[in-house]
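>>> Return atomic coordinates for the entry below.
(one chain, ligands or ions: 1)
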Amino acid sequence: MVKSAKRPILNPATEEIIAETVDAGPRDVDRAVAAAKKSFDSGVWSGKSPAERSTVILKWAGLIEADLAALAELESRNTGKPVKLARDGDIPFAVDNLRFFAAAARCPEGAGTGEYSAGYTSVIRREPVGVTALITPWNYPLMMAAWKLGPALAAGNTCVIKPSRLTPLTTMELGRLALEAGIPEGVLNVVTGAEETGRALTSHPDVRMISFTGDTETGRKIMVQASATVKRLTFELGGKAPFVVFADADLDAAVQGAVVASFVNCGQDCTAATRIYVEQSALKRFTAAFVKEAGKLRVGDPSKPGTDMGPLISAEQRARVEGFLQRAKGARVLLGGRRPKGLRQGFFFEPTIMAGAAQDSELVQSEIFGPVVCLLGFNDEAQALALANDVRYGLAGSVWTRDVQRALRMVNGLRFGTVWVNDHLPLASEMPHGGFKESGFGKDLSKYALEEYTVAKHVMFETTGAARKPWHYTVFGEPG
Ligand code: NAD
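Numbers count the residues shown, from 1 in each chain. Got it, this is the predicted structure:
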């Protein structure tokens, strides 16, 4: 590294410094991009067959799995999430994601080779884009890295990944394990740092594609930074997921689902249930049960196996969450709303349920990214759909009902990239994840993600060998 500022990395549960990184400056970023470009141009990775790349990625996934306990512990210490969430949730899922991409890279899809113009055979090649810049947020550092590195590397690209300034530790470990698995030097590069580092990377002329997960506002800035050299973009941005409960739903299941979906990862989840709309006739019953069940969540030391909810990521993020509550005029606190007593160190905040917020208030419209959920009522299906869709985001949402026809009508009407029926949160490696509207474009996971990291090339073979008239090339096909 060249001249760079030192940055302490905190454990958000204890506020202790657990590591120190440096913020990569423009020259460091240049070096990382140059290494990625050199390795891409040399064909050391893109020139390997899909089977060869797949074998290496599978080995990498195996090394991550073998290191699961240590990685989960590190992820928990760096993010404050309960160790059980990292160990039993994010990291095993990330391993499965990598295995999926390793396998999927061996069966690319595209238009069939064929004769689409008389005298020609057309072939589609799916080629890697080149040097990719991968920018990740702090909520699921290892999993977000896998969601981007997996398809990028499986497709033959080379990468420079920049984790959040707050949570770089497991991404650095992923880099180390990648080398151990046999991913050649220069193919996967990690730079640490904050906005300045991200800006240098996303405006670098040799970067051909940016895959970004983070705040919608940051996405807007990156669009501008990328525009000078017309880079390909894929964006997973903010969310404000609705959770719509009809009176005919299994209310016990809906209450349990709401507790998990609202407070998983301390609400720092782009798909977290943030707006719970309940049919008026069931609202009272749902509210009582939801407040009771959410009140049982064990908030505290993330390293303890029984802990359900750890701290927020930083003092800044906690102050931001508190700001929303201080400005929330007219809304009532049904649960939480403050820092837990007895937890003096760490950026803890209680699970918080708000009632009576206006649909057009910032509590209902803006992404809070903390353990705060709004509970609201609705009268009929049409109103439920209108309220659920009435935000600028479109990442994910759920509907809870036993009526199949109603479920289908709601599924059709909800303007979100993922819609669950009678659940909220689960994802699958084989299925795409990505937003509508201001939640972004492009997909993570699935064969659709793999496509994001490739470009289609049309190759046309002339097959007759016959002499061509000079005007032949200006007309469609051969004139009579
Ligand atoms: P953020 O936008 O502040 O930061 C994300 C990343 O972008 C970080 O690595 C940061 O250093 C970098 N960055 C910041 N400014 C930059 C710039 N000008 N140029 C290049 N890089 C820059 O987001 P965050 O606070 O780390 O994460 C929370 C956000 O992420 C929430 O909005 C959440 O909804 C979103 N998120 C979305 C998804 C999804 O799948 N849609 C998943 C997880 C998180």
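>>> can you list the residues of this structure near the ligand?
When proximity is defined by CB under 6 Å from any ligand atom, the chain lies next to the ligand at 135-139, 162, 164-165, 194-195, 198-199, 202, 213-215, 218, 221-222, 225, 236-239, 270, 367, 369, 395, 435, 439. C-beta coordinates here come from the backbone N, C-alpha and C atoms, glycine included.
>>> Go through the residues you listed and flag which are in helices.
Assigned to helices by DSSP state H, the following of the residues of the chain next to the ligand qualify: E195, G198, R199, T202, T218, K221, I222, Q225.
>>> The ligand: which of the residues you listed is nearest?
Nearest to the ligand out of these is G198 (CB to the nearest ligand atom; 2.2 Å).
>>> So the closest one sits against K162, correct?
Yes. In this structure, G198 is within contact of K162 by CB atoms under 8 Å, at 5.6 Å.
>>> Now for the two: what residues contact both?
The contact sets of G198 and K162 overlap at I135 (CB atoms under 8 Å, 6 or more residues apart in numbering).
>>> and the ones in helices among the residues of the chain next to the ligand, which are buried?
G198, R199, T202, T218, I222, Q225 (16 or more other CB atoms under 10 Å).
>>> Can you give me every residue that contacts the second one?
The reference is to R199. R199 is in contact with K221, Q225, counting by CB under 8 Å, 6+ apart.
>>> Pull the residues that contact the one helix or strand in the chain whose mean pLDDT sits lowest.
The weakest-scoring helix or strand in the chain, judged by mean pLDDT, DSSP states H and E, is strand 5-10 (a mean of 91). Strand 5-10 is contacted by residues 16-23, 78, 165-169, 192-194, 314 when judged by CB under 8 Å, 6+ apart.
>>> what are the pairing partners of that strand, and which direction each?
strand 17-23 (antiparallel) (DSSP bridges).
>>> tell me the mean pLDDT over the partner strand?
Averaging pLDDT along strand 17-23 gives 98.
>>> In that strand, which residues are buried?
In strand 17-23, counting by 16+ other CB under 10 Å, buried: T21, V22, D23.
>>> repeat for stretch 402-422
For stretch 402-422, the neighbour count (16+ other CB under 10 Å) marks R406, A407, R409, M410, G413, L414, R415, F416, G417, T418, V419, W420 as buried.
>>> start to end distance for it?
8 Å (CA to CA, to the nearest Å).
>>> What is the distance between that stretch and the centre of its chain?
22 Å (CA atoms, centre = their mean, to the nearest Å).
>>> again, but for stretch 454-468
39 Å.
>>> Just the CA atoms of that stretch, as CSV, please.
C-alpha atoms of stretch 454-468 as CSV (Å, rounded to 0.1, in the frame of the first residue of the first chain):
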residue,chain,number,x,y,z
THR,A,454,-21.3,-11.5,-19.0
VAL,A,455,-21.7,-9.7,-22.3
ALA,A,456,-23.4,-11.4,-25.3
LYS,A,457,-21.3,-11.4,-28.5
HIS,A,458,-22.9,-12.2,-31.8
VAL,A,459,-20.6,-14.0,-34.2
MET,A,460,-21.8,-14.5,-37.8
PHE,A,461,-20.2,-17.0,-40.1
GLU,A,462,-20.7,-16.7,-43.9
THR,A,463,-21.3,-20.2,-45.0
THR,A,464,-21.7,-20.2,-48.8
GLY,A,465,-18.3,-19.0,-50.0
ALA,A,466,-20.1,-17.4,-53.0
ALA,A,467,-18.8,-14.1,-54.4
ARG,A,468,-20.6,-11.1,-53.0
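>>> Quick one: the strands in the stretch 101-250 of the chain, in order.
Ranges of strands within the stretch 101-250 of the chain are 120-128, 131-135, 158-162, 188-190, 209-213, 232-236, 241-245, based on DSSP state E, counting those that start in this stretch.
>>> Thank you kindly, that will do.
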